[in-house]
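Visitor: what follows is a predicted protein model with its sequence.
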Amino acid sequence: MIGNPSNLPAASQEPPPFEMPFSPEEEESGGGFTIQQVWLMLRAHLWLSIGGLVLLLALAYVAIKNLPKSYNATAALIVNVDNTDPLAGRNYPVGQTGTFFPTQVELIYNSTMLEPVIDKLKLQNDRNFTGGFDGDPKTKIDIVLENLRSSLEVKQGSGSQFLYISAMAPHPDQAAAIANAVAEEYLKQSRERINAPAIERSERYSGQIKELKEKEEAELAKLTAFREKYGIADLMDGQGGDSEGAALRELNQRVLEQENGIRNLRARLGSTGLEGSTADGAEVVAMRADLARVENELAQLRVTRGPKHPEVTQKEKEREATLVSLQALTTAALTRSEELRQEYQSAANAEEKRLLGFRKVQEEGGKLLLNYQVAKEALTNALRGQDQVKFASTGDYEDVTLVSSAAPPVKSSKPNKKKLFLMAFVLSFGLAVGGPFAYELLLDRRIRCRADLERSFRIEMLAEFGRMPQPQTA
């Protein structure tokens, strides 16, 4: 007796094939597996697939959970490309601003910019950047530089003057420290490049002022030594000229007066001696008065006594003696005048010689004074412009400004665990489902439905039985 009628064989719904061993469904499908075959194979390994999926997901969870985290910190800067401050010495030509940001990016990646960052943060002692290398120091620095470059990302803001410096590191504080150190070094070197010309000009200007000051002091020392040597306190042009020449003019005047007196004395020599001046001296004037008295008496005696009278003769002799004495006095006066003129002339010549020497010394001193004044004026003009040069050199101009420092990130940027777990789920599901399916197809193929016989062995089924129950023991 059949306990379960549903297990009785049932006639096949398909007509018996005559020349075609395949079913219409197979013909329509064009070969391969039917949905029923796939479902039965999957259902046969369902628990194995579920177990494999769970195991793979657990392994993936543990692996993803233990992946090293990477934190990304970003510092923002703004770059003034069109800075045309004349004191800063910046003025970009038109058409070159498009190359400015790529140049700045390459500059930040340059070893000149990164080596100070390595020294500041001691990255040469960090295994995350050395990779465990402990050999040649130069090679070690090269490795650290390469790893530091790979951890950095420098990019320009979209259509703006912003420049973002991002750093990736295993720890949030280290990521922020690297980004801030690179930004600070970039700002520092940028300021140095801008201010270097002004600082260099200031140093050269200070050197020139020092030279001018030394020259001014040297000229002053020469001038002081000259004044002490010749005893001339004032060398200004026109000062002391009248007083120095007054003595010479007075001596020349006296020489001229003596020459005029000599000419008058010579004119009176050989004359009667009555002509003269009251300036001839008291003795000459008195003798000239005696001569006039004698001549008057002689004239009266000639009238009263006659020309041959002894008294007249006596008066004539007296007159001759007085005239001779007068002539002798005139000659002596002439001699004294000649001697006095020669003395005055010698004194005038000596004074002229002395004055010429003084003028020569004064001209030499004037040259020294002029050199000193020129040096002093040059130093004064240089000192007037020193403040402006110092202001330009200490202005601390910059074309890059730090907008925001990098802060330690709260969350890691890598890895994206949700994305990785989703990928792991997809991969685990594919392995858990596809693994048993591939195993059955390639290694342990089973017959699980009517289509397996008909499609694989070309056996047409006439009836199908359901699952047979297990026999029950008494």
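Guide: Thanks, I have it. Numbering: from 1, shown residues only.
Visitor: can you pull out the helices in the stretch 51-200 of the chain?
Guide: Ranges of helices in the stretch 51-200 of the chain, per DSSP state H, counting those that start in this stretch, are 100-109, 111-121, 127-130, 137-151, 172-230.
Visitor: of all those helices, which one is nearest N260?
Guide: Among the helices of the stretch 51-200 of the chain, the nearest to N260 by CB to CB is helix 172-230 (37.6 Å). (C-beta placed from N, C-alpha, C; glycine too.)
Visitor: any low-confidence regions in the stretch 151-300 of the chain?
Guide: Applying pLDDT under 70 to the stretch 151-300 of the chain flags residues 195-199, 233-244, 265-281, 283-284.
Visitor: after whichever helix in the chain runs longest comes which helix or strand?
Guide: Of all segments of type helix in the chain, defined using DSSP state H, the longest is helix 310-393. Next helix or strand after helix 310-393 toward the C-terminus (DSSP states H and E): strand 400-404.
Visitor: now for that following strand, which elements pack on it?
Guide: Counting contacts by 3 or more CB pairs under 8 Å, 6 or more residues apart in numbering; DSSP states H and E, strand 400-404 is packed against strand 71-79, helix 172-230.
Visitor: and of these, who's closest to G357?
Guide: Using CB to CB, the helices and strands packed on strand 400-404 put helix 172-230 closest to G357, at 9.9 Å.
Visitor: chain center to that closest one, what's the gap?
Guide: Mean C-alpha position of helix 172-230 versus that of the full chain (CA atoms, centre = their mean, to the nearest Å) differs by 10 Å.
Visitor: packing partners for that helix?
Guide: strand 71-79, helix 100-109, helix 111-121, strand 162-169, helix 310-393, strand 400-404.
Visitor: C-terminal to it, what's the next element?
Guide: helix 241-268.
Visitor: returning to what we had before: which of the helices and strands packed on strand 400-404 is buried the deepest?
Guide: Mean neighbours per residue, mean count of other CB atoms under 10 Å, is largest over the helices and strands packed on strand 400-404 for strand 71-79, with a mean of 20.
Visitor: rounded mean pLDDT for that one, please.
Guide: Average pLDDT, strand 71-79: 88.
Visitor: what lines up beside that strand in the sheet?
Guide: When sheet partners are counted by DSSP bridges, strand 71-79 sits next to strand 162-169 (antiparallel), strand 400-404 (antiparallel).
Visitor: make CSV out of these and add distance to T330.
Guide: What follows is the strands paired with strand 71-79, written out as CSV (distance: least, CB to CB, whole Å):
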stretch, distance to T330
strand 162-169, 116
strand 400-404, 109
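Visitor: which one, of those, ends up nearest to L55?
Guide: Across the strands paired with strand 71-79, closest to L55 is strand 162-169 (CB to CB), at 32.9 Å.
Visitor: now the closest one against helix 137-151, angle please.
Guide: Interaxial angle of strand 162-169 relative to helix 137-151 (axes from the mean of the first three to the mean of the last three CA atoms, to 10 degrees): 120 degrees.
Visitor: any residues touching strand 162-169, and which ones?
Guide: With contact meaning CB atoms under 8 Å, 6 or more residues apart in numbering, strand 162-169 is reached by 70-79, 101, 104-105, 108, 128, 151-157, 175-176, 178-179, 182-183, 186, 400, 403, 406, 413-414.
Visitor: chain neighbours aside, what residue packs nearest to L163?
Guide: Once flanking residues are discounted, L163 sits nearest to L77: 4.7 Å by CB to CB, 6 or more residues apart in numbering.
Visitor: bridge partners for that neighbour, pull those for me.
Guide: L163, L402.
Visitor: that one contacts L187, doesn't it?
Guide: Yes. With contact defined as CB atoms under 8 Å, L77 counts as touching L187 (7.4 Å).
Visitor: now do the shared contacts for these two.
Guide: Counting by CB under 8 Å, 6+ apart, the common neighbours of L77 and L187 are V400, L402.
Visitor: follow-up on the earlier one: could you export the helices and strands packed on strand 400-404 as a markdown table, including distance to D134?
Guide: Output for the helices and strands packed on strand 400-404, formatted as a markdown table (distance: least, CB to CB, whole Å):
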| stretch | distance to D134 |
| --- | --- |
| strand 71-79 | 26 |
| helix 172-230 | 20 |
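Visitor: out of these, which comes closest to L40?
Guide: strand 71-79 (50.4 Å).
Visitor: residues in contact with stretch 294-313?
Guide: For stretch 294-313, contacts defined as CB under 8 Å, 6+ apart pick out L274, K315, E316, E318, R319, T322.
Visitor: the fifth one: neighbouring residues, count only.
Guide: Read it as R319. Neighbourhood size, R319 [other CB atoms under 10 Å]: 18.
Visitor: what about it, distance to K308?
Guide: Using CB to CB, to the nearest Å, R319 is found at 16 Å from K308.
Visitor: quick check: domain ranges of the protein?
Guide: 15-67+415-457, 71-204+397-404, 241-393 (automatic domain parsing).
Visitor: which of those sits closest to A225?
Guide: Here domain 241-393 is closest among these (CB to CB), at 9.2 Å.
Visitor: before we move on, the earlier item: can I get the helices of the stretch 51-200 of the chain in TSV including distance to L40?
Guide: Shown next, in TSV, are the helices of the stretch 51-200 of the chain (distance: least, CB to CB, whole Å):
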stretch	distance to L40
helix 100-109	61
helix 111-121	63
helix 127-130	53
helix 137-151	52
helix 172-230	54
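Visitor: between the ones you listed, which gets nearest to M41?
Guide: Per CB to CB, nearest to M41 of the helices of the stretch 51-200 of the chain: helix 137-151, 47.5 Å.
Visitor: quick one: buried residues of that closest one?
Guide: Buried residues in helix 137-151, counted by 16 or more other CB atoms under 10 Å: K140, I141, I143, V144, L145, N147, L148, S151.
Visitor: same thing with stretch 150-163?
Guide: S151, L152, V154, Q156, Q161, L163.
Visitor: surely the first one touches I178?
Guide: Right, the one you point to is S151. Yes. Using CB under 8 Å, S151 is in contact with I178, at 7.0 Å.
Visitor: still on that earlier bit, of the helices of the stretch 51-200 of the chain, which approaches Q386 most closely?
Guide: Each of the helices of the stretch 51-200 of the chain has some distance to Q386 by CB to CB; the shortest is helix 172-230, at 6.4 Å.
Visitor: I'd like to know how many residues surround L46.
Guide: By the measure other CB under 10 Å, the count of residues near L46 is 11.
Visitor: residue contacts, the closest residue to L441 other than its chain neighbours?
Guide: Leaving aside its chain neighbours, L441 sits nearest to M41 (7.9 Å; criterion: CB to CB, 6+ apart). Applying CB under 8 Å, 6+ apart, one finds that M41 lies in contact with P436, F437, E440, L441, R446, R448.
Visitor: try A247
Guide: The neighbours of A247, taking CB under 8 Å, 6+ apart as the test, are E351.
Visitor: three-state assignment of R446?
Guide: Following DSSP: H, G, I helix; E, B strand; the rest coil, the label given to R446 is coil.
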